[in-house]
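Visitor: After the sequence you'll find the predicted model.
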Amino acid sequence: MQMALFLLAQVTNATEITYNLGAGSSNYGTGQSRNETYDVALRIEDPALVGSQVKGLRIYFSSADGISDAKAWLSTELAVKSQKFTGANIETVDFTATEGFNEVTFAQPYTITSDGLYVGYSLLAAKDVAKNPIRVTSVYVPEGFYIHSSGLYRTSWHTIGDESGSLAIEVILEGDFSADAATAVNVPEVNSKTNDENSISFEVMNQGLNGIESIDYTIEVGGQTIDYHTDLTNALPGIYGRKKGLTAALPIVSTKGAYDINVTVTKVNGQENGSSNGTGIGKANFYNILPVKRPVCEEYTGLWCQWCPRGFVGMELMGETYGDDFVGICFHNDDPMEIMPSSSFPVGISGYPSADVDRVAVIDPNFQSLQAAWLYQRDQFAPLAIDVETELEGDDFKITALVTSPLDIDNDKYQLQFIVTQDGMQRSNWQQVNAYAGRNEYKDGYMDWFCEQGTYVTGLVYNDVIIAWSGKTPIANSLPAHFDSDVAESYTYTFDLNEAVTTYAANLGQSLVQDKTKLKGVVLIIDTTTGEIVNANQAFANTTTSIDRPATSLDEVVASTTFFDMQGRRALNPRGGMFVKVETLRNGKQVARKVVMK
């Protein structure tokens, strides 16, 4: 595994380099009010460095006050016994800590093998004197910072480089390094439809002693190769590990399957590449049908809940921003829109308001939290594509799911759940309790309107409200035990809308159907082994969705949708009039048109 973010700086001669993870930017400590032993390390596992030798370390302290019993070490393993580091198994050198860089030389240079090694140091930090003794960088990679301590991390070694930064230590290396050498790193995984055009972004990393002004490279997928030559606008300096981002087109693939993406640097500065490992490998999966991933936001709310306006705003903004790709389900509790006790919710919550995205974890339903979780889930590959057709005949609401797998798969875990939601729900006597009334400190561009309202808010229009479902448990055998690729499997569930009634005690049995034209049939594909939603889709009554809508056409996919009233003001809850609907596509283009919202 290559350490893509490591920086290595050339020193005094052609055979010695300094390997580091960037300049130190801050100091780290566990915050314990006690004397504490720290054992910290980074991992070196770069194939191009196999055969090089580790001669020593430079360890930086912004202050040496309160630091004692310092040791630099090399080890092939990190272990803990009886809550103590068992020690390094290659070499350990004691040193006296001083402010600035402390250079430590090992008695016997260690030759790096393909198994890699850990490079680190240990110290004792005096309480209230050396509170933050560990210097870290702003480079965040998991392998950049391993820690064990006598306090917070006493039971085992922990990897915290992706959240706390990497260790600011320099490793002095000696080896046979070429003048002109480079490799491709961070080559991604691509999921695409066959015959689509695709580009990838990756990085070229300098592995030689010279700077890089130009490179030649090839990209090969499925036996098809494209040759490239690039003159770098800003040359890479002659520092081992410095990187430059590039973007290039992939060969077009017409046959579905899984392929390697091989990016091979062939020349550096017009010279044959001197790297022993000049190829970076990614993955490309090509399908005839590429599932569109539609994450589901579920909100848990109630009219009585004084902080629930936060979730109302969050869900409305998600629907406004992401349009047809947004699937929302609002579960009400102890108010006239309730259809179940909280014990029947699909996830367990500890308070209101709460939310989840794809039933992965319970989160706060503010817009920023919902958006972050939704965007993360949207980037996950959906194993199945889903189309939804609805048919409304009297009080029978028929919902048909058409589910397609891009691959031949045996299915022992995916099943369906059906839900009816309704937009535009309102009654004149519904009052939302509002803790934001008069609280200007909560004005953040999202909650401003509620801050300007009273303690009880009437006239709100509630969207995505669940009024019926097929049950908490996914329907057994709703999906087959085997999918043939690209063949749609169907399952139909029919709701009797006479049974879409509230369970709220004061209105028990009252119908929740207010406007049949605003009913939506929602179908969720559930992974029964985890309870999580892997994909979903929805359709208004008597409509259908399109399973073939291209997910990878950036020119056509809507990235965000915003509504404005006829005075040009942004409309959070566009209902009852004419509005301007502005759709921003993922390529940056905008499409505006007037719409009438009921």
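Guide: Perfect, thanks for sending it.

Visitor: buried residues in stretch 180-194?
Guide: Residues 180-187, 190-193 are the ones in stretch 180-194 that count as buried (16 or more other C-beta atoms under 10 Å). C-beta coordinates here come from the backbone N, C-alpha and C atoms, glycine included.

Visitor: try stretch 238-247
Guide: Buried, per 16+ other C-beta under 10 Å, within stretch 238-247: 238-244, 246.

Visitor: Correct me if wrong, but residue 187 is in a helix.
Guide: No: per DSSP: H, G, I helix; E, B strand; the rest coil, residue 187 lies outside any helix segment and is coil.

Visitor: Can you tell me the closest non-neighbouring residue to it?
Guide: Distances taken as C-beta to C-beta, 6 or more residues apart in numbering put residue 282 closest to residue 187, at 3.4 Å, once the chain neighbours are dropped.

Visitor: Assign a three-state SS to that neighbour, would you?
Guide: Applying three-state DSSP: residue 282 is strand.

Visitor: Is it bridged to anything, and to what?
Guide: residue 261 (DSSP bridges).

Visitor: now swap in residue 40 and tell me
Guide: Beta-bridge partners, per DSSP bridges, of residue 40: residue 121, residue 147.

Visitor: what residues are up against it?
Guide: 120-122, 134, 145-148, 167 (C-beta atoms under 8 Å, 6 or more residues apart in numbering).

Visitor: let's go with 10 Å and repeat that
Guide: 28, 59, 118-123, 133-136, 145-149, 153, 157, 160, 167, 169 (C-beta atoms under 10 Å, 6 or more residues apart in numbering).

Visitor: what about the stretch 101-250 of the chain, any weak spots by pLDDT?
Guide: Within the stretch 101-250 of the chain, no stretch has pLDDT under 70.

Visitor: now the chain
Guide: 1-14, 22-24, 546-560, 566-569, 572-579, 583-598.

Visitor: domains of it?
Guide: Following automatic domain parsing, the chain resolves into domains at 7-174, 182-287, 296-552, 553-598.

Visitor: what ranges do the helices span in the stretch 101-250 of the chain?
Guide: 161-164 (DSSP state H, counting those that start in this stretch).

Visitor: Correction: the previous question concerned the chain.
Guide: For the chain, the helices defined by DSSP state H occupy 161-164, 309-322, 367-378, 448-451.

Visitor: can you put those helices in a markdown table and add distance to residue 41?
Guide: Output for the helices of the chain, formatted as a markdown table (distance: least, C-beta to C-beta, whole Å):
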| stretch | distance to residue 41 |
| --- | --- |
| helix 161-164 | 10 |
| helix 309-322 | 41 |
| helix 367-378 | 30 |
| helix 448-451 | 49 |
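
Visitor: So what would you say the end-to-end distance of stretch 267-286 is?
Guide: End-to-end distance for stretch 267-286: 30 Å, by C-alpha to C-alpha, to the nearest Å.

Visitor: got a list of what the spatially most central residue of the chain touches?
Guide: Residue closest to the average C-alpha location in the chain (C-alpha atoms, centre = their mean): residue 376, at 3.7 Å. Counting by C-beta under 10 Å, 6+ apart, residue 376 touches 295, 357-358, 360.

Visitor: same question, residue 544
Guide: So residue 544 contacts 387-391, 400, 402, 521, 537 (C-beta under 10 Å, 6+ apart).

Visitor: So which of the contacts of residue 376 is the closest to residue 433?
Guide: Checking these against residue 433 by C-beta to C-beta gives residue 357 as the nearest, at 25.4 Å.

Visitor: Need the nearest residue in space to the closest one, chain neighbours excluded.
Guide: Per C-beta to C-beta, 6+ apart, closest to residue 357 is residue 373, 4.0 Å.

Visitor: Correct me if wrong: that neighbour contacts residue 379.
Guide: No: taking contacts as C-beta atoms under 10 Å, residue 373 lies outside contact range of residue 379: 11.2 Å.

Visitor: These two: which is more packed in?
Guide: residue 373 (20 against 9; other C-beta atoms under 10 Å).

Visitor: I'd like the distance between that one and residue 355.
Guide: Computed as C-beta to C-beta, to the nearest Å, the residue 373 to residue 355 distance reads 8 Å.

Visitor: between these two, what contacts are shared?
Guide: What both residue 373 and residue 355 touch, as defined by C-beta under 10 Å, 6+ apart, is the set 297, 361, 363-364.

Visitor: so which of those would you say is closest to residue 174?
Guide: For the shared contacts of residue 373 and residue 355, the nearest to residue 174 is residue 361 (47.7 Å; C-beta to C-beta).

Visitor: give the contact list for the nearest residue to residue 540 once chain neighbours are set aside.
Guide: The shortest distance from residue 540 to any non-neighbouring residue, by C-beta to C-beta, 6+ apart, is to residue 520 (5.4 Å). Counting by C-beta under 10 Å, 6+ apart, residue 520 makes contact with 327-329, 388, 390, 397, 399, 419-423, 463-464, 538-541, 543.

Visitor: rerun at 6 Å
Guide: Residues in contact with residue 520 (C-beta atoms under 6 Å, 6 or more residues apart in numbering) are 421, 538, 540.

Visitor: May I ask which of those has the most neighbours?
Guide: In the contacts of residue 520, the most neighbours by other C-beta under 10 Å go to residue 538, 26 neighbours.

Visitor: didn't that one look like it was pressed against residue 327?
Guide: Yes: contact criterion C-beta atoms under 6 Å: residue 538 and residue 327 qualify, at 5.4 Å.

Visitor: picking up where we left off before, among the contacts of residue 376, which one has the most neighbours?
Guide: Neighbour max across the contacts of residue 376 (other C-beta under 10 Å) = residue 358, 28 neighbours.

Visitor: sorry, back to before: could you check how far the residue nearest to residue 357 is from residue 421?
Guide: From residue 373 across to residue 421, the span is 20 Å (C-beta to C-beta).

Visitor: thinking again about what came up before, please check the shared contacts of residue 373 and residue 355 and keep the buried ones.
Guide: 297, 363-364.

Visitor: Just those residues: which are in strands?
Guide: 297, 363 (DSSP state E).

Visitor: Against residue 380, how distant is the closest residue to residue 348 other than its chain neighbours?
Guide: Distances taken as C-beta to C-beta, 6+ apart put residue 362 closest to residue 348, at 7.5 Å, once the chain neighbours are dropped. Here residue 362 is placed at a distance of 18 Å from residue 380 (C-beta to C-beta).

Visitor: Check residue 421 too.
Guide: Applying C-beta to C-beta to residue 421 and residue 380 gives a distance of 23 Å.

Visitor: neighbours of the residue lying closest to residue 109 once chain neighbours are set aside, just the number please.
Guide: Excluding the flanking residues, the one nearest residue 109 by C-beta to C-beta, 6+ apart is residue 53, at 3.9 Å. The local packing of residue 53 (other C-beta under 10 Å) involves 17 other residues.

Visitor: Hmm, residue 53 is touching residue 106, no?
Guide: No: between residue 53 and residue 106 no contact is recorded; they are 9.4 Å apart, counting by C-beta under 6 Å.

Visitor: in the stretch 451-598 of the chain, which spans are strands?
Guide: 456-457, 465-469, 482-483, 489-496, 519-527, 532-540, 558-564, 577-585, 590-597 (DSSP state E, counting those that start in this stretch).

Visitor: Ok, the stretch 251-400 of the chain next?
Guide: Under DSSP E, counting those that start in this stretch, the stretch 251-400 of the chain gives strands at 257-268, 271-272, 279-287, 296-301, 327-332, 354-357, 362-363, 385-393, 396-404.

Visitor: Kindly reformat these as TSV containing distance to residue 450.
Guide: Formatted as TSV, the strands of the stretch 251-400 of the chain follow (distance: least, C-beta to C-beta, whole Å):
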stretch	distance to residue 450
strand 257-268	49
strand 271-272	65
strand 279-287	44
strand 296-301	14
strand 327-332	17
strand 354-357	17
strand 362-363	20
strand 385-393	33
strand 396-404	33
